[in-house]
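> coordinates for the following, if possible.
(one chain, ligands or ions: 2)
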Amino acid sequence: MAKDIWIGDVQNGDHDGAEVELKGWVKRTRGSNKIRFVVLRDSTGTIQCVAKRDAVGDEQFESIASALIESSVIIKGTVNVDERSDGGHELIVSSIEIIGPVDPERPFPITESAMKAADGGETEFLLDNRHLYLRTSRMTTMLKMRSSVFGAIHSYFRDLDFIEYQAPNFVAGAVEGGSTLFEVPYFGRKAYLTQSWQLYAEAAMPALERLYTIAPSFRAEKSRTRRHLTEFWHAEMEIAWATNEEVMAHGEGVVRHIASTLLSERSTELEALGRDLELIGRYADTPFPRMRYDEAVEILQGKGVDVSWGQDLDYSKEKILTQDFDVPHFLTHYPKIAKPFYHREDPTDDKYVLCHDLLAPEGYGEIIGGGERTWSEEEILARLAEEGTSPEAYQFYIDTRSYGGVPHGGFGLGVDRVCSWLSGADHIREVIPFPRDSRRVTP
Ligand code: 4AD
Ligand code: MG
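Residues are numbered from 1 along each chain as shown. Ligands and ions are numbered 1, 2, ... in the order given. Sure thing, here's the model as predicted:
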């Protein structure tokens, strides 16, 4: 049953005149009582198949003539070079077998344009029928881009001898503040879904020194925005003996590596999405500038934005700031009051912490948050007390400081956000197969 040739191979290879067996799904059909043109789709592309009644016989001809879009079929035939058809080849059909028909009792608008039309701008329709929407060329393209982004993150860290390390998803405390914690009943107790791998990675930092992961993180984000999911994919790293500057160099390194990987693996997809390859090339090649938080606030105030020192910068402000950027920018040295307890105070001025956010251009905003960690037990206890957080849930974390603590740091990168920015998607849910937000856990 295994498949031995893909449509992409036929379109790009040298199979002219060859007899092949193609397996896939019907994307479109048209024709007359004597000849049918079937556009066949598989995961690698499409090809037009030409079926003549004379060649395939009445029974097969009727079956393909009545097959609905998305029926699965096996088609045998001869590859023919045809400059006029999409991809440059067509298949002259010798036999057709319908494998999985589409139930005519469940008529459904499953072409891309029909789905978009039926959506009527609602999008809920596309989300409700996600398994079909995934088959459209736009979603297929997004999912291929996504796969390359994941691959690029793994190769960046593995090539530098980082160890992939896993942390629990059920946890006892917050990392990024209590307001976005998901509470789950846990055998008569309360547990939470993790917001970040970080604290458990810090616990393993003295063992592994260079660690990374790509894993889901969970945030009970009540508001629905273009950048927030309740379950998102989080690429995080932690590194011993590193300063904020050194951690930022890895953030810059991984983002540039993602951009260059997309250029080499997915230029066809980038073009199909209307992306400018030169722009993606700039993200791969140009150093990312650094700017202190204070300067960003001044720029915003200069633009008449209502922002005061000490506030974290939300999307509306980042958007304004990044409209003038042509590559991602780091913002560093946020006020201590704007960031969680684990951020290390700046030893030269304790109003600030040694941290960074990386803001993507094109009005996108934050894609990375990270920095140096508070690494002495004394300082951690003081920061928790300042925040009014009880140290109980964090005892394992505090302990790591009293057994040979060292300076260290790390960051988290929102993988879905990076996919969304680099593919030019309007909304983060366009780049994840089954998006989760405050209103949706199905399908
Ligand atoms: O800035 P955040 O909250 O930082 C942390 O979680 C740190 N503990 C990471 C670390 O240092 N190991 O989240 C990191 C990144 C953000 O910059 C953003 O890209 C993404 O995670 N992110 C989200 N992506 C999609 N939906 C959400 N609700 C997200 N919340 C954060
Ligand atoms: Mg952040």
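> give me the distance between D161 and E209.
Distance of D161 to E209, given as C-beta to C-beta, to the nearest Å: 9 Å. All C-beta atoms are positioned from the backbone trio N, CA, C, and that covers glycine.
> of those two, who's got more company?
Between D161 and E209, counted using other C-beta atoms under 10 Å, E209 has the larger neighbour count: 17 against 8.
> surely that one touches W241?
Yes. The pair formed by E209 and W241 meets the contact definition of C-beta atoms under 8 Å, at 7.4 Å.
> give me the nearest residue to R383, chain neighbours excluded.
Nearest non-adjacent residue to R383, counting by C-beta to C-beta, 6 or more residues apart in numbering: F341, 4.0 Å away.
> remind me which helix or strand that neighbour belongs to.
Here F341 sits in a region with no helix or strand, counting by DSSP states H and E.
> ok, V297 next?
Assigned by DSSP H and E, V297 falls within helix 293-302.
> C-terminal to that helix, what's the next element?
helix 315-322.
> now that next one: buried residues?
K317, E318, K319, I320, L321, T322 (16 or more other C-beta atoms under 10 Å).
> low-confidence regions, this protein specifically.
107-110 (pLDDT under 70).
> for it, which residues are neighbours of ligand 1?
175-176, 195-196, 198, 219, 221, 228-229, 232, 234, 236, 366-370, 410-414, 416-417 (C-beta under 6 Å from any ligand atom).
> let's see 5 Å
Applying C-beta under 5 Å from any ligand atom, we find that the chain lies next to ligand 1 at 176, 196, 198, 219, 221, 228-229, 232, 236, 366-367, 369-370, 410-412, 414, 417.
> circling back to that earlier point, surely the residue nearest to R383 touches T374?
Yes. Counting by C-beta under 8 Å, T374 is a contact partner of F341 at 7.2 Å.
> what touches both of the two?
I380, R383 (C-beta atoms under 8 Å, 6 or more residues apart in numbering).
> which SS state does E238 fall under?
Using DSSP: H, G, I helix; E, B strand; the rest coil, the structure places E238 in strand.
> and it, how far is that from H408?
According to C-beta to C-beta, E238 stands 7 Å off from H408.
> what about those two, which has more around it?
More crowded of E238 and H408, by other C-beta under 10 Å: E238, with 30 against 22.
> show me the beta-bridge partners of that one.
Beta-bridge pairing for E238 (DSSP bridges): L211, G410.
> list the contacts of stretch 147-166.
With contacts defined as C-beta under 8 Å, 6+ apart, stretch 147-166 is touched by 197, 201, 204, 208, 210-215, 233, 235, 237, 239, 253-254, 257-258, 261-262, 265-266, 413, 415, 418-419, 422.
> and the buried ones among those residues, selectable in PyMOL?
Applying 16+ other C-beta under 10 Å to these leaves a buried subset, and the PyMOL line that selects it is:
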select buried, resi 197+201+204+208+210+211+212+213+214+215+233+235+237+239+254+257+258+261+262+265+266+413+415+418+419+422
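> excluding its backbone neighbours, what's nearest S148?
E265 (4.7 Å).
> revised request: answer the last question for G253.
Y156 (6.4 Å).
> quick one: neighbours of that neighbour, just the number.
Counted with other C-beta under 10 Å, the neighbours of Y156 add up to 21.
> now do G365
Neighbours of G365 under the rule other C-beta under 10 Å: 24.
> wait, what's in contact with it?
Residues near G365 by C-beta under 8 Å, 6+ apart: R227, Y315, E318, K319, T322, L359.
> kindly recompute the last result at 10 Å.
226-227, 313-322, 357-359, 417, 421 (C-beta atoms under 10 Å, 6 or more residues apart in numbering).
> and the residue lying closest to it once chain neighbours are set aside, what does it touch?
Setting aside the residues directly before and after it, G365 is nearest to E318 in space (C-beta to C-beta, 6+ apart), at 3.4 Å. Contacts were defined as C-beta under 10 Å, 6+ apart; by that measure E318 touches R227, A296, L300, L331, D357, L359, A360, G363, Y364, G365, E366.
> and if you look at E392?
Contact analysis of E392 by C-beta under 10 Å, 6+ apart lists A172, G173, L384, I398.
> need phi/psi at D54.
Dihedral angles of D54 (phi, psi; degrees, to the nearest 10) stand at phi -60, psi -40.
> any idea how far it is from ligand 1?
According to C-beta to the nearest ligand atom, to the nearest Å, D54 and ligand 1 sit 57 Å apart.
> let me know whether that residue touches I92 as I believe.
No. Counting by C-beta atoms under 10 Å, D54 stays clear of I92, with 11.7 Å between them.
> the two: who's more crowded?
Remark: of D54 and I92, I92 carries more neighbours, 14 against 10, as counted by other C-beta under 10 Å.
> and the helix or strand in which the more buried one is found, what does it pack onto?
Element membership of I92 [criterion: DSSP H and E] is strand 89-100. For strand 89-100, the helices and strands in contact under the criterion 3 or more C-beta pairs under 10 Å, 6 or more residues apart in numbering; DSSP states H and E are helix 7-12, strand 19-31, strand 35-42, strand 45-52, helix 53-66, strand 72-81.
> comparing the ones you listed, which comes out most buried?
Neighbour counts (mean count of other C-beta atoms under 10 Å) averaged over each of these peak at strand 45-52, with a mean of 21.
> with distance to L143 as new columns, can the helices and strands packed on strand 89-100 be given to me in a markdown table?
Formatted as a markdown table, the helices and strands packed on strand 89-100 follow (distance: least, C-beta to C-beta, whole Å):
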| stretch | distance to L143 |
| --- | --- |
| helix 7-12 | 15 |
| strand 19-31 | 16 |
| strand 35-42 | 14 |
| strand 45-52 | 15 |
| helix 53-66 | 28 |
| strand 72-81 | 19 |
